[in-house]
Every structure is written in C-alpha cells, then in structure tokens.
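[1] Here is a sequence together with a model predicted from it:
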Amino acid sequence: MTLLLLGGTGEAREIAAQLRGQDAVISLAGATRHPAAQPLPTRIGGFGGGEGFATYLHDARIHAVLDATHPYAARITQRTARICKAQQLPYVQLLRPAWMPEPGDNWIEIGTEADAAAHIPKGSIVFLGTGRQTLEHFANLEGCKVICRQIDPPEKPFPFAGGRYLVGRPPFSVADEVALFRDLGVDFLVVKNAGGAPSRTKLTAARQLDIPVLMIARPPRGDWPVVETVADALSWVRAL
C-alpha cells in the first residue's frame, strides 16, 4: 500500500524529503518542462480525468492521498477530494496560509483575472506574477504593456497584443525584484494569493516602490480535511 503525494510546491518537496525511503510516490502535473529531481519515486503528467485518477488509485494500491498542490489548483483538489471520499481513502489538503497585507501595502482584492482591467488604466505597465495558465484572461487589458513571468521559455507567441514573456526561475530576492520592477517601470503588480515566504518578495518589493498590487482571491475552501504546515501534514501521515 502506497501514499500518493500530489506535488508541485515547495512544501511538497519538503514532505517528499521526509518520506524518502518510505512507501510513497510523488505526482507532478507537468506544468514545468524540466522539474527538479524529487526525493521520491515520481510520476509526471495528468491521470486522464477523474476516471483515470480513480483507476490509478486502485491499480497503484494507493492507501492515502496528501494533496500539496498549489492553492489555486482548485479543479485538481476538488476532484481528488471527491474521488478519495468515494473510494473511502484518507485524504488531506496542505493549504498554506494566505498572505495578509502589512503596513504600507496597497492591495486591491479582485475575484478573477478579468477583473484587473477595471482597476488598471490604459497605458500602464503591468507585471503578472500569475503564471501562463490563465494568461488569456488578461486579454482585456487593452492599451497596456503586459509582462508575464514564467519559468520555461515560451513555445508560442504571446496570446494578445501588447504583451511579452519574461523568463525567470525562482527564488527571487527582494533586491532582485526591486531592481527588476524599477528597470521595467512597473505600474501595477497582479498576483494570486499563494501565500508562503519565498514568493512574498515581489510583494515586499512592490511595497518599497509604492506599486499597487491586484490580489486575486483564493478559491473557496472546501469541506475536506485541511492542514496548514508541513509538520502537520507529516503528523497526518504518521497517524495513518
């Protein structure tokens, strides 16, 4: 019987390191073309929808699932929780706490990517720290210069006029982000409220430069079990 760890986050890698040598496998969605090596046996790519995931759980003799995917991987989390419940498998989501504004922050919370256009005037230089998966939802930022940072070099042209990709692999220090935002002349920063210390540096840089931040709200929290720290996730595993 095997534990399935759904990864793709720094927390998942920490957990995998603690589970090295145990009967566990980590699964990565494949969003990054050349992911870092993992401390556990690794599978990469989708499962083929809900039916494929249910089949995998059965065929791989998975006895529990620890979901340490990104806080905005809502469809994966909802599907996983639903199927685990149907198969009566123990399931928990590791959901790191959301960021909270600090003195000097200028945050505007929005519900979706498309809502950003209501707060950004034409002619603005907009830095997207949201990844490429939802990039097309910013196509309504007409008349703006849009810069989307991603880890892998782009394989296709930017999907709408006025935008370009910026390739960079985290982590980025506060000094790095301050220098970058100054060099680009950034007027607005758009991010998802992913939480976590490593990626907060861009928010600190925005505060130092007095750049407004449009913060995309998190998906609603589900009614399944949730832990917030790596330590609590490992305690859950030990209690199985």
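    It's in. Numbers count the residues shown, from 1 in each chain.

[2] By mean pLDDT, flag the weakest helix or strand of this protein.
    strand 42-44 (a mean of 93; mean pLDDT, DSSP states H and E).

[3] Find the residue at the geometric middle of this structure.
    residue 70 (3.7 Å; CA atoms, centre = their mean).

[4] does it count as helix, strand or coil?
    coil (DSSP: H, G, I helix; E, B strand; the rest coil).

[5] Residue 83 and residue 53 touch, don't they?
    Yes: the pair residue 83 / residue 53 is scored as a contact, 5.8 Å apart, by CB atoms under 8 Å. C-beta here means a position set from N, CA and C on the backbone, and glycine is covered the same way.

[6] part of a helix, is residue 58?
    Yes: using three-state DSSP, the secondary structure at residue 58 is a helix.

[7] Return the residues in contact with it.
    residue 87 (CB atoms under 8 Å, 6 or more residues apart in numbering).

[8] run the last query once more with 10 Å
    Residue 58 is in contact with 87, 89, counting by CB atoms under 10 Å, 6 or more residues apart in numbering.

[9] What backbone torsions are found at the closest residue to residue 86 other than its chain neighbours?
    Distance criterion CB to CB, 6 or more residues apart in numbering; nearest residue to residue 86, sequence neighbours excluded, is residue 54 at 7.6 Å. The phi/psi pair for residue 54 (degrees, to the nearest 10) reads phi -60, psi -40.

[10] Next one: residue 54 from residue 105, what distance?
    43 Å (CB to CB, to the nearest Å).

[11] Kindly report the same for residue 45.
    38 Å.

[12] How about residue 143?
    For residue 143, the distance to residue 105 - CB to CB - is 27 Å.

[13] what about the two, which has more around it?
    The residue with more neighbours, out of residue 143 and residue 105, is residue 105; 16 against 11, by other CB atoms under 10 Å.

[14] Spatially nearest residue to that one, not counting backbone neighbours?
    Per CB to CB, 6+ apart, closest to residue 105 is residue 207, 5.2 Å.

[15] what's the answer for residue 17, then?
    residue 39 (4.6 Å).

[16] Give me the neighbour count for that neighbour.
    16.

[17] for residue 73, same thing?
    21.

[18] got a list of what it touches?
    6, 8-9, 29, 31, 67, 79-80, 93, 133, 219.

[19] And the strands in this structure?
    2-6, 24-28, 42-44, 62-67, 91-94, 107-110, 125-128, 145-150, 163-167, 188-192, 213-216, 226-227 (DSSP state E).

[20] give me the low-pLDDT residue ranges for the protein?
    31, 33-34 (pLDDT under 70).

[21] do that again at 50, thanks
    The model of the chain has no residue with pLDDT under 50.

[22] pull the longest helix from it.
    helix 74-86 (DSSP state H).

[23] Which elements pack onto that one?
    strand 2-6, helix 49-59, strand 62-67, strand 91-94 (3 or more CB pairs under 10 Å, 6 or more residues apart in numbering; DSSP states H and E).

[24] export the ones you listed to JSON lines and tack on distance to residue 154?
    JSON lines is the format used below for the helices and strands packed on helix 74-86 (distance: least, CB to CB, whole Å):
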{"stretch": "strand 2-6", "distance to residue 154": "26"}
{"stretch": "helix 49-59", "distance to residue 154": "27"}
{"stretch": "strand 62-67", "distance to residue 154": "29"}
{"stretch": "strand 91-94", "distance to residue 154": "30"}
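
[25] Nearest to residue 166, out of those?
    strand 2-6 (28.2 Å; CB to CB).
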